[in-house]
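S.K.: Show me how the following folds:
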Amino acid sequence: MKIKLFLLLVIIFSLSSSAQKWTYYNTANTSKQLCNNNVLAIVVDHNGYIWFGTEDGVSKYDGIKWKTYSNINGLGSNWVSTIAIDAEGNMWLGTLMGISKFDGVNWTTLINGYYVSSIAFDKLGNIWIGNNEIGGDSGFISGGVLKFDGKNWTNFLKKDGLSNNNVKGIAVDNKNNIWCATDSGVCKFNGTNWTTYTISDGLASNAVSSIAIDVQNYKWFGYYGDGVSKFNNNNWTYYTTSNGLANNFVFGIFIDANDNKWFSTNDGVSEFDGINWTTYNKTNGLANNLVKAIAIDVSGNKWFGTIGSGVSEYDGVNWTTFTKSPGLINNNINFITTEIKGNIWIGTQNGVSKFDGINWTNYNTSNGLADYWVNTINVDNKGNKWFGTWNGGVSKFDDINWLTYNSSNGLVYNYVDAIAEDANGDIWFGTGSGVSKFDGLNWTTYTKNEGLASNFINSLAIDTKGNKWFGCSSEWNGGDYEGGGLSKFDGLKWTSYDTSSGLVRNWVNTIAVDHKDNIWVGTINGISEFDGTNWTTYSTADGLADNWVFSIAIDTYDNKWFGTIGGVSKFDGVKWTNYTTENGLVDNWVNTIAVDGNNNQWFGYEEDNCGVSKLEEGIDSNMLRQLGNRLLTYPNPSNEETNLLIPQPDKYTLIIYNLSGKKVRQYNESSDEKMLIKTSDMKPGIYLLSLKSLTNGKTYYGKLVVTK
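M.R.: As a prediction, the model looks like this:
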């Protein structure tokens, strides 16, 4: 017996010591190749690796494998417009929101508030940064030129002698002069004075898009529609399509080791060796004619970054194109849910993603989804997926075919924010103009006329007694908000609850039903718990992260999880635990929470570039005690075998039932640690477990999901 108790303690200690693990998913890091098809910058590092700056992070390619970095890793912004490498091999990345430095291990964001267009290093080791200005002379994103000497920053603006605060390119000549391409000509800075060159001095246009300096110290300027100019410090030479340039709209200039000039345009790429012009476009093998970036690797392969079609590599004979592989479809997450098969379904502001733990599959309006903006998802007992959208109604997907229901064929309103299935298989939809019930053939509509607290339904839940609970927003009556609250429908009678009943606020965002059939209501002013008789209110004063609550989820152990605009709160009935950006979250504004079959928590965020986080909490030593008469199996779902944790050493009878109540398996054995259940020969589905002690007659219950 001592050995048995010792083993049980070892198991419990092992469970209690399992550490938390966070996993982050966004559109950048879920692609197994290039993170985004809009490639703004390319650079080759000292190891010969190719780096691609995109509108959604930066990808590194070593010739075999891809690795992506994004704001989750420490990048200041996922929009990477330019990349430069210093003499020590540090990577400097100009982004939409400033400069990030990467030393191969650590990320550092050095300065925020600048939309960086270009980076150059002078002969003294100073870093020069050209910036776009957004919003005019007093714009909210500053422009101009920044100089960084390793300690101090100096900002040069129009008032200091720069011709324009919109700086599109920057380069350093062999005399250490700084040359800046702007929207109002070209500026040269000799360390003391600024000199401006415009049309009157020889420029083809004052709107200069790019700049490069060749080995002869000649300056090359690209224009937005006027081709290219070469300035040899005395004379100007002009090149346009009449000379051989692919297009007069030039985005960038790259000069290779042989002093050949490469021009990226909106109609392909032109190479100029000083005499002959060669053009590369889609007819040759280029993925897209709109090219923003060019680089040549150590093997002489040419790399062209396009807008919309990824990267094209040209080895002199063959073309290879790399694009973004399927990943999370969008980073603005509205809803997450799980299904029996273990798939995670994610509704975003630009379609739906399915994640099976390895692969991503995306769906949008081109596949059959009614609208790109998905508010909510429900998986019914037949495995059909129901997607409630912003303005397209509801789409039903059976993994093969799509069907859409909207106001033209029975749905009360096309804005759908909540979906649930009752015990009869009827589907209930909460909309912006009432509730619709669909039994597969007929539609029934319920509004305030029938008893709803408001016609604007944010959430919907069904308890074990079959009662339907609807969370309603207050409605604008032209001068103020009125109505709202919580409505219950038992199939015959409507009952509504508001602040006069005990609800903390009449604007209800979310509802959940716990294992004891208590109703948890998230509002814009805290949480209300309703046990059918009494109301209990929870707020920041009790431990809630923020009073504005968007989502509630109940985990395997009946812990309540609340997504707020100030982070996530977990409540075990006694203790509150909060998660914010300081201890794991990507952002504190959490729109949605889901719990999968292994009790992992999934969080979806409102803000751009945040995507989805998964928290694997592990199992704490209080778990078995919290379970009461409930059983724990792991893994769950299972497709081969699962372990049933035994509450205490004893002789047991374990009976497994299907959902029809039919006994499918029985075990009679003594056990003191865990019981192994083979599931490989069981049909996929949900099973109920009944474990009865043969000593004291106590019975424990659980649920098992079997997949294939």
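S.K.: Without its sequence neighbours, what residue ends up closest to residue 199?
M.R.: residue 206 (5.7 Å; C-beta to C-beta, 6 or more residues apart in numbering). For glycine as for every other residue, the C-beta is placed from the backbone atoms N, C-alpha and C.
S.K.: taking the mean pLDDT, what do you get for the one helix or strand residue 509 maps to?
M.R.: Using DSSP states H and E, residue 509 sits in strand 508-513. Per-residue pLDDT over strand 508-513 has a mean of 97.
S.K.: Equivalent analysis for stretch 399-409, please.
M.R.: For stretch 399-409, the per-residue pLDDT averages 97.
S.K.: That stretch: how far from the chain's middle?
M.R.: Put simply, stretch 399-409 sits 27 Å off its chain's centre (C-alpha atoms, centre = their mean, to the nearest Å).
S.K.: how long is it end to end?
M.R.: End-to-end span of stretch 399-409 (C-alpha to C-alpha, to the nearest Å): 22 Å.
S.K.: Repeat that for stretch 473-482.
M.R.: From the first residue to the last, stretch 473-482 extends over 9 Å; the measure is C-alpha to C-alpha.
S.K.: what's the answer for stretch 427-436, then?
M.R.: Across stretch 427-436, first to last residue, C-alpha to C-alpha, it's 8 Å.
S.K.: what mean pLDDT does it have?
M.R.: Per-residue scores along stretch 427-436 average to 98.
S.K.: low-confidence ranges in the stretch 451-600 of the chain?
M.R.: Per-residue confidence of the stretch 451-600 of the chain (counting by pLDDT under 70) places the weak regions at 477-480.
S.K.: domain ranges for this protein?
M.R.: According to the domain assignment given by automatic domain parsing, the chain is divided into the following structural domains: 83-322, 628-706.
S.K.: from these, which stretch is densest packed?
M.R.: Most buried of those, by mean neighbour count (mean count of other C-beta atoms under 10 Å): domain 83-322, with a mean of 18.
S.K.: mind checking how far that one is from the chain centre?
M.R.: Between the centre of domain 83-322 and the centre of its host chain there is 31 Å, according to C-alpha atoms, centre = their mean.
S.K.: from memory residue 399 sits against residue 383, does it?
M.R.: Yes: because the distance of 7.1 Å satisfies C-beta atoms under 8 Å, residue 399 is recorded as touching residue 383.
S.K.: Show me which of the two is the more surrounded one.
M.R.: Neighbours per residue (other C-beta atoms under 10 Å) separate residue 399 from residue 383, with residue 383 holding more: 13 against 9.
S.K.: mind listing what the more buried one touches?
M.R.: Residue 383 makes contact with 339, 340, 341, 398, 399, according to C-beta atoms under 8 Å, 6 or more residues apart in numbering.
S.K.: can you do 7 Å?
M.R.: residue 339 (C-beta atoms under 7 Å, 6 or more residues apart in numbering).
S.K.: the strands in the stretch 251-400 of the chain, which residues?
M.R.: Under the criterion DSSP state E, counting those that start in this stretch, the stretch 251-400 of the chain contains strands at 261-265, 268-272, 277-280, 291-296, 302-306, 311-314, 319-322, 333-338, 344-348, 351-355, 360-363, 374-379, 385-389, 394-397.
S.K.: Residue 132 is nearest to which of those?
M.R.: Between residue 132 and the strands of the stretch 251-400 of the chain, the tightest spacing by C-beta to C-beta is seen for strand 291-296, at 14.5 Å.
S.K.: picking up where we left off before, in TSV, list the domains of the chain along with distance to residue 59 and mean pLDDT.
M.R.: Listed next are the domains of the chain as TSV, based on distance: least, C-beta to C-beta, whole Å; pLDDT from 0 to 100:
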stretch	distance to residue 59	mean pLDDT
domain 83-322	9	94
domain 628-706	33	83
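S.K.: Could you take the ones you listed and lay them out as TSV, with extra columns for distance to residue 389?
M.R.: Formatted as TSV, the domains of the chain follow (distance: least, C-beta to C-beta, whole Å):
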stretch	distance to residue 389
domain 83-322	26
domain 628-706	28
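S.K.: which one of these lies closest to residue 352?
M.R.: Relative to residue 352, the nearest member of the domains of the chain by C-beta to C-beta is domain 628-706, separated by 21.0 Å.
S.K.: Nearest the geometric middle of the protein, what residue?
M.R.: With the centre of the chain defined as its mean C-alpha position, the nearest residue by C-alpha atoms, centre = their mean is residue 611, 1.7 Å away.
S.K.: my read: that one touches residue 329, true?
M.R.: No: Residue 611 sits out of contact with residue 329 when judged by C-beta atoms under 7 Å, with a separation of 10.2 Å.
S.K.: who's the closest residue to residue 646 other than its chain neighbours bridged to?
M.R.: If the residues on either side of it in the chain are set aside, residue 646 comes closest to residue 671, at 4.8 Å by C-beta to C-beta, 6+ apart. Beta bridges link residue 671 to residue 650, judged by DSSP bridges.
S.K.: likewise the one 4 residues further on?
M.R.: Residue 675 has these beta-bridge partners by DSSP bridges: residue 644.
S.K.: any idea how far it lies from residue 270?
M.R.: Separation of residue 675 from residue 270 (C-beta to C-beta, to the nearest Å) stands at 72 Å.
S.K.: try residue 442
M.R.: Taking C-beta to C-beta, one finds residue 442 at 65 Å from residue 270.
S.K.: Roughly how far does the most far-flung residue of the chain relative to its centre sit from residue 219?
M.R.: Computed with C-alpha atoms, centre = their mean, the maximum C-alpha offset from the centroid of the chain is found at residue 234, amounting to 52.5 Å. When C-beta to C-beta is the yardstick, residue 234 and residue 219 sit 11 Å from each other.
S.K.: okay, how far is it across stretch 462-476, tip to tip?
M.R.: Using C-alpha to C-alpha, the gap from the first to the last residue of stretch 462-476 comes to 27 Å.
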